[in-house]
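1. output the structure for:
(chains A, B, C and D)
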Number of protein chains: 2
Amino acid sequence: MEIVYPKNIKWTKQRKAVYRILHETTEPLTATQIFAALQKEEIENLALSTVYRILTTFEEQKLVNRSAFMGEETSRYELNRGEHTHYAVCLDCHKRVPLEHCPFGHLNLERETEGFTITAHKLELYGYCTKCQKKHE
Amino acid sequence: MEIVYPKNIKWTKQRKAVYRILHETTEPLTATQIFAALQKEEIENLALSTVYRILTTFEEQKLVNRSAFMGEETSRYELNRGEHTHYAVCLDCHKRVPLEHCPFGHLNLERETEGFTITAHKLELYGYCTKCQKKHE
DNA sequence: TTTGCAAATGCAAATCATTTGCATCTGGAA
DNA sequence: TTCCAGATGCAAATGATTTGCATTTGCAAA
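-> Residues are numbered from 1 along each chain as shown, chains lettered A, B, ... in the order given. Presented below is the predicted three-dimensional model:
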């Protein structure tokens, strides 16, 4: 399937490569993981700092979302595929299950938040999937 | 008001000092902020690495909660005061308003999460408080 | 109250993620 | 095809956090 690159930025071969790696996975990846994946490939002389700069640009362009797992210090990036998605993350095997519905869709928190205009929220559920749950019984 | 130290760990003067700083504030502080606050005080020869080790110990003992603001890379620590609290954070002035009720208290996500046993969740609301909202109009 | 030692600390150096300065290279508009 | 603002490679800087090791210190047991 042909990848269609969004406009507005210069599509260098490094940017295309980073975009492709993100396009091929459903997991949020760290800069280092992306860098490692590209080193195994055709890309020669790619610098890790370039990957960081590309990811920063992608984030500014809203092409990717940046996040971090609980307890992890490293940033992770995933393609912004448009859908507004939350996940349940297994603390053991790191399996991620997307939630069909945003648990916030219907909440009106205006009174609670003293008039805040809420523009974003971050929600992550952590726990154990059925498989890992059993493993520990 | 006298601070009562939880048991189970050795209460050195450094640990008491870090605990007191956290006790005196309602904001989540970085290790560096705590270190700086203590340098202004009676504590001589305190090492930043000690602050980190103390905070790690406190976290293991569930005395503090570790978190990070959106877009910030640095960890922040706040005393675990028992209440389960979420906040709305102003992206401009960083004012934080605690939510009276956990928006999750009543949600049953079992079907959505494919049987996950949810043990923790992270929720942060971001936006602009009324004051900052006006400033930008 | 004193003693003994496992655990805690200070200091300096190491690590790890991320950023930056600068010389060179390259998409893509003209 | 030309040209240049913006992108990249490389190496060094930065900032948060961790670690090795010699020394110090709570606190449990005597």
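
2. next, work out how far apart residue A:52 and chain B are.
-> From residue A:52 across to chain B, the span is 12 Å (Cβ to the nearest Cβ, to the nearest Å). In this view, the C-beta of every residue, glycine as well, is placed from N, C-alpha and C.

3. before we move on, what about residue A:63?
-> Residue A:63 sits 17 Å away from chain B, going by Cβ to the nearest Cβ.

4. residue numbers of chain A in contact with DNA strand D?
-> Within reach of DNA strand D by Cβ under 7 Å from any atom of the strand, chain A has these residues: A:9-10, A:12, A:14-15, A:43, A:45-47, A:49-50, A:53-54, A:57, A:73.

5. okay, who's weakest in those by pLDDT?
-> Least confident by pLDDT among the residues of chain A next to DNA strand D: that is residue A:43, with 73.

6. neighbours of that residue, how many?
-> By other Cβ atoms under 10 Å in any protein chain shown, 15 other residues sit near residue A:43.

7. ok so, going back, by neighbours, which of the residues of chain A next to DNA strand D wins?
-> Greatest neighbour count in the residues of chain A next to DNA strand D, by other Cβ under 10 Å, goes to residue A:54: 24 neighbours.

8. before we move on, what SS does that residue have?
-> Using DSSP: H, G, I helix; E, B strand; the rest coil as the criterion, the local structure at residue A:54 reads helix.

9. returning to that earlier point: closest one of the residues of chain A next to DNA strand D to DNA strand C?
-> DNA strand C lies nearest to residue A:49 out of the residues of chain A next to DNA strand D, by Cβ to the nearest atom of the strand, at 3.0 Å.

10. relative to chain B, how far out is residue A:27?
-> Distance, residue A:27 to chain B, by Cβ to the nearest Cβ: 17 Å.

11. next, count neighbours for that residue.
-> 10.

12. which residue ranges make up each domain of chain A?
-> By the assignment in automatic domain parsing, chain A contains the domains A:1-81, A:83-137.

13. now the strands: where do they sit in chain A?
-> For chain A, strands defined by DSSP state E occupy the ranges A:64-67, A:76-79, A:87-90, A:96-98, A:117-128.

14. check contacts around the residue lying closest to residue A:57 once chain neighbours are set aside.
-> Distances taken as Cβ to Cβ, 6 or more residues apart in numbering or on different chains place residue A:9 nearest to residue A:57, at 6.5 Å, with adjacent residues excluded. Contact partners of residue A:9, counting by Cβ atoms under 8 Å, 6 or more residues apart in numbering or on different chains, are A:15, A:57, A:61.

15. do that again at 10 Å, thanks
-> Applying Cβ atoms under 10 Å, 6 or more residues apart in numbering or on different chains to residue A:9 gives the contacts A:15, A:54, A:57-58, A:60-61, A:63.
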